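Chemist: Any chance you could fold what I've pasted below:
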Amino acid sequence: EQPEKPLGKYGRMRKAYLKQHRPILYNHLLLSEKLYLHLLEIDETANSRLEQMMPQLAKDAGATEQLKASDPMRWVGLMNACKSQAEEILMAELIHS
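Modeler: Residues are numbered from 1 along each chain as shown. Reported below is the predicted structural model:
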C-alpha cells in the first residue's frame, strides 16, 4: 500500500527519466513496489538540497536584501539564475544518476 503524499516536481522528473532512459530499473522498482518510495525519497532529497544551496548561491551572486529593496528586477533575475544553477546540479546528481 502506497502513502497518499503526491509526488513533487523532482519525483516526477525522476520517474520520467527512469521510464525513458532506464526502463529495466523502472520496471524492477515498479514490480517490487519500491518505485513510489524511491521517487518520494528523490523528491524530498532534491527539495532539501535546493533549500541548502540557494542561500549560498544567492550570496555568491550578490542577491542581497539591500539589492532587493533598491533594484527588485535585478534581484529577481539573480535569484532565477541561482535557482537554475541549483536545478542543474540537482539534475546531474539526483535525477539523471
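Chemist: going forward, measure contacts between C-alpha atoms and count neighbours the same way
Modeler: Will do.
Chemist: Just give me the neighbour total for W75.
Modeler: Per other C-alpha atoms under 10 Å, the neighbour tally for W75 reads 21.
Chemist: Give the residue farthest from the middle of the protein.
Modeler: Farthest-out residue of the chain from its mean C-alpha position, per C-alpha atoms, centre = their mean: S70, at 29.9 Å.
Chemist: Show the average pLDDT along the longest helix belonging to the chain.
Modeler: Longest helix of the chain, by residue count under DSSP state H: helix 35-61. Average pLDDT, helix 35-61: 95.
Chemist: Can you give me the buried ones in it?
Modeler: Under the neighbour-count criterion of 16 or more other C-alpha atoms under 10 Å, helix 35-61 has 35-36, 39-40, 42-43, 45-47, 50, 53-54, 57-58 buried.
Chemist: and of the residues you listed, the nearest to K9?
Modeler: D43 (7.1 Å; C-alpha to C-alpha).
Chemist: sorry, back to before: gap between the residue farthest from the centre of the chain and V76?
Modeler: As for S70, its distance to V76 is 12 Å (criterion: C-alpha to C-alpha, to the nearest Å).
Chemist: I'd like the distance from the longest helix of the chain to the chain centre, please.
Modeler: Its chain's C-alpha centre and that of helix 35-61 lie 5 Å apart, by C-alpha atoms, centre = their mean, to the nearest Å.
Chemist: who does the following helix or strand past it touch, helix- and strand-wise?
Modeler: Sequence order places helix 65-70 as the next helix or strand after helix 35-61, per DSSP states H and E. Contact here means 3 or more C-alpha pairs under 8 Å, 6 or more residues apart in numbering; DSSP states H and E; on that basis helix 65-70 packs against helix 72-90.
Chemist: contacting residues around the helix it packs on?
Modeler: 46, 49-50, 53-54, 57-58, 61-64, 67-68 (C-alpha atoms under 8 Å, 6 or more residues apart in numbering).
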